[in-house]
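K.L.:
Everything below, folded, please.
(one chain, ligands or ions: 1)
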Amino acid sequence: MKKRVLATRENLPGLGLARLSEAAEVVAWPGDGKPGLSDLAALAPGVSGVLALGNDPVDGALMDAAGPSLRVVALASMGFDNVDRAAAAERGIVVTHTPGVLAETTADLTFALILAARRRIGAAGASLAEGSWGLFRMHDYLGLDIHGATLGLIGYGQIGRAVARRARGFGMRVLHHDPYAPDDDLSASVGLATLLAESDIVSLHVPLTEETRHLVSVRELAAMKPTATLVSTSRGGVVDEEALLAAVREGRLHSAGLDVFEREPMGKELSPLVAEPHIVTLPHIGSATENTRAAMVDLAVGNILDVLAERPARTPLPGTPAAHV
Ligand SMILES: O=C(O)C(=O)CO
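P.N.:
Modelled structure (predicted):
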């Protein structure tokens, strides 16, 4: 008999879900929006795996609703702050994510945010569209240079390194701060205080954990240059958004480029960050290309199939077991 797997969405990019359906009975949340915990719990009894997105809550109650058959929670995301890892560990459940496949795509988007925020691309384009471009004037739409600037990467894993490679092409000096990353010749490893003081652009590439929540807050923003830009494609909770908004509004920070927010999705209740002229905002599209999203689903499915076939998962979360115990 086929094992059952709960998928938190019915439609996912690529062929991963079809591949999963050949090997397992897939029970998918049929709704359009984001499922609540109770929606998922109702579908969970007896499943051996859960395939979830990076913003679907997966907690101990959902694991208990699935029952002792549950062996693997596979995220189609790099970030894993939506999963109660302690609850999974207590129950011997393998948790996997999708490193590797999205690093280059997310690094591309990081650069788009750097370019847009420093060169005021959104505001300039909007002014053109409004019919406000009446004259070529030397002082209009002035931004700040990217070439020759110093880029500081907080978090130097796969995405941080992919951003560093792009920065080399722009002739930038690159610094990084990451107590867990090995050094390389793309970028100089420095302490956080040096990175904040010397960087023209600070870009965040850390997962959201208890250690990184509000890693950038009042003190860190005050330590940055007033001409600096903060960019984040990691998780909203890494930045104290109130402190960021105040710093940009009061001219203590030049600009910001944000793909992620403390509250996602926003619907019609927009964060004040969205309306701020010097802040470029995007709806969490870091990994949103056809190939990459399909590769993320495919890797998540591969992890489920591994665990269900008693093989170690290919990309378990660091510090968690690769195989069901
Ligand atoms: O993979 C992740 O963590 C995402 O945020 C999706 O882009």
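K.L.:
And the residue lying farthest from the centre of the chain, how far from V260?
P.N.:
Computed with C-alpha atoms, centre = their mean, the maximum C-alpha offset from the centroid of the chain is found at L135, amounting to 40.1 Å. Separation of L135 from V260 (C-beta to C-beta, to the nearest Å) stands at 38 Å. For every residue, glycine as well, the C-beta is placed using N, CA and C.
K.L.:
and the residue farthest from the centre of the chain, that one's in a helix?
P.N.:
No: using DSSP: H, G, I helix; E, B strand; the rest coil, the assignment for L135 is coil, not a helix.
K.L.:
would you list every one of the helices in the stretch 51-200 of the chain?
P.N.:
60-66, 85-90, 103-119, 121-129, 158-169, 192-198 (DSSP state H, counting those that start in this stretch).
K.L.:
between the ones you listed, which one is nearest to the ligand?
P.N.:
Smallest distance to the ligand across the helices of the stretch 51-200 of the chain (C-beta to the nearest ligand atom): 6.4 Å, for helix 103-119.
K.L.:
Make CSV out of the helices of the stretch 51-200 of the chain and add mean pLDDT, mean neighbour count and distance to R293.
P.N.:
Formatted as CSV, those follow (pLDDT from 0 to 100; neighbours: other C-beta atoms under 10 Å; distance: least, C-beta to C-beta, whole Å):
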stretch, mean pLDDT, mean neighbour count, distance to R293
helix 60-66, 97, 20, 24
helix 85-90, 96, 16, 24
helix 103-119, 98, 22, 9
helix 121-129, 94, 14, 24
helix 158-169, 98, 20, 16
helix 192-198, 98, 17, 31
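K.L.:
For the stretch 101-250 of the chain, which residue gets nearest to the ligand?
P.N.:
Scanning the stretch 101-250 of the chain for the residue nearest the ligand gives L102, at 5.5 Å (criterion: C-beta to the nearest ligand atom).
K.L.:
What residues does that residue make contact with?
P.N.:
78, 159, 286-287, 292, 295-296 (C-beta atoms under 8 Å, 6 or more residues apart in numbering).
K.L.:
same for the ligand: which of those residues are within range?
P.N.:
For the ligand, the contacts drawn from these by C-beta under 6 Å from any ligand atom are 78, 286-287.
K.L.:
Contact residues of the protein facing the ligand?
P.N.:
Within the chain, the positions near the ligand by C-beta under 6 Å from any ligand atom are 54, 77-79, 102, 286-287.
K.L.:
Go again with 5 Å.
P.N.:
Proximity of the chain to the ligand, by C-beta under 5 Å from any ligand atom, involves residues 54, 77-79, 286-287.
K.L.:
ranking the residues you listed by neighbours, who comes first?
P.N.:
S287 (26 neighbours; other C-beta atoms under 10 Å).
K.L.:
Contacts only, for it.
P.N.:
S287 neighbours (C-beta under 8 Å, 6+ apart): 77-78, 102, 105-106, 109, 293, 296.
K.L.:
and if you look at R213?
P.N.:
237-238.
K.L.:
If we use 6 Å, what do you get?
P.N.:
The neighbours of R213, taking C-beta atoms under 6 Å, 6 or more residues apart in numbering as the test, are G237.
K.L.:
Please apply the same query to the one 3 residues further on.
P.N.:
The neighbourhood of V216, defined by C-beta under 6 Å, 6+ apart, consists of V239.
K.L.:
8 Å - rerun?
P.N.:
Counting by C-beta under 8 Å, 6+ apart, V216 has contacts 154, 202, 204, 230, 238-240, 243-244.
K.L.:
All set now, cheers.
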